[in-house]
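> Coordinates for the following, if possible.
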Amino acid sequence: MKANENEQFVIKGSKYRVASKNGDGAPIISTGEFRGYAAFSSELAIVLKMDATDGSEGQLRFIPYHAILTIDVIEMASQQAKEVTKECQVYYG
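Residues are numbered from 1 along each chain as shown. Take a look at the predicted model:
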């Protein structure tokens, strides 16, 4: 098997369960749809749109990278091949 045949990526629209560090020692479990990445100050975070698992449905949760303990894949969104088009960036007229 080729190495890239089994690769999984964090894909927008996929559903994940993320365990992250908490100040009191117990992990925070966040379940929801991956919406993208965010930067605030010098930190990077992943953004989940929460589902109804813990009563926070519809809320966005920002989880800093340094706090992530595990990421479980619940449901992968289809990975559409994006066609890159090279459009002319200069107008000739």
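> which residues of this protein score low on pLDDT?
Applying pLDDT under 70 to the chain flags the ranges 1-8, 79-93.
> the strands in it, which residues?
Taking DSSP state E as the criterion, the chain carries its strands at 15-20, 28-40, 43-50, 60-64, 68-75.
> could I get these as a markdown table with mean neighbour count?
For the C-beta atoms, the positions are set from N, CA and C on the backbone; glycine is no exception. Below are these laid out as a markdown table (neighbours: other Cβ atoms under 10 Å):
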| stretch | mean neighbour count |
| --- | --- |
| strand 15-20 | 18 |
| strand 28-40 | 16 |
| strand 43-50 | 17 |
| strand 60-64 | 16 |
| strand 68-75 | 12 |
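> could you dump the ones you listed to CSV with distance to F9?
Output for those, formatted as CSV (distance: least, Cβ to Cβ, whole Å):
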stretch, distance to F9
strand 15-20, 12
strand 28-40, 10
strand 43-50, 12
strand 60-64, 17
strand 68-75, 10
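> got a list of what the spatially closest residue to Y65 that is not a sequence neighbour touches?
Of all residues not flanking Y65 in the chain, L44 sits nearest, at 5.1 Å (Cβ to Cβ, 6 or more residues apart in numbering). L44 is in contact with Y37, A38, P64, Y65, counting by Cβ atoms under 8 Å, 6 or more residues apart in numbering.
> so the first one touches I46, yeah?
Yes - look at Y37 against I46 with Cβ atoms under 8 Å: they come within range, at 6.1 Å.
> From A19, how far out is F34?
15 Å (Cβ to Cβ, to the nearest Å).
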